[in-house]
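1. sequence isn't available, so here's the structure alone:
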């Protein structure tokens, strides 16, 4: 009896896996222009741009470079969820719509998340690799310098 139940559950599992292959999340592919305003305003070095493209933009912009497994459910659904949450927290493609205060705050959060080791997510680094200590230092230095312009603008506007 138990063997028969396990067999039925196995078949149902296979059918469920086949059915969810037809559920396709919308792709996040606006193109590389999606983060040009952010880069123009915050002026990252070429090295920092490389770090951002390889570790941040996939989840924090309107353009994601999808790996091959993004075509296979349930991974496609899991990735879509990560991208939606990432863009909800910080979306460099929406940089122009952020207030000066929000831009400063987002860069502050970026610094904190990198310093604390929360970004990139472990689930991302398992496959893509983690940031080196040098990469973390470069990101933090760049974000700290980029914040200065917003701090100055906030000080001027509060006078």
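-> Sure, I can see it. It should be emphasised that the depicted structure is a prediction, and the values quoted were computed from it without experimental measurement.

2. can you list the buried residues in the helix or strand of the chain at the bottom of the mean pLDDT ranking?
-> Across the helices and strands of the chain, mean pLDDT, DSSP states H and E gives its lowest value to helix 122-128, namely a mean of 77. In terms of neighbour count (16 or more other CB atoms under 10 Å), helix 122-128 has its buried residues at residue 124. Placement of C-beta: from N, CA and C, glycine included.

3. same question for stretch 128-143.
-> Across stretch 128-143, burial judged by 16+ other CB under 10 Å covers 131, 135-136, 138-139, 142-143.

4. check stretch 54-69 too.
-> So stretch 54-69, judged by 16+ other CB under 10 Å, has buried residues 55-64.

5. show me which pair in those residues is furthest apart.
-> 55 and 62 (16.8 Å; CB to CB).

6. for residue 25, give me phi and psi.
-> phi -70, psi 150 (degrees, to the nearest 10).

7. quick check: residue 119 is in a strand.
-> No - using DSSP: H, G, I helix; E, B strand; the rest coil, the assignment for residue 119 is coil, not a strand.

8. fine, thanks again, bye for now.
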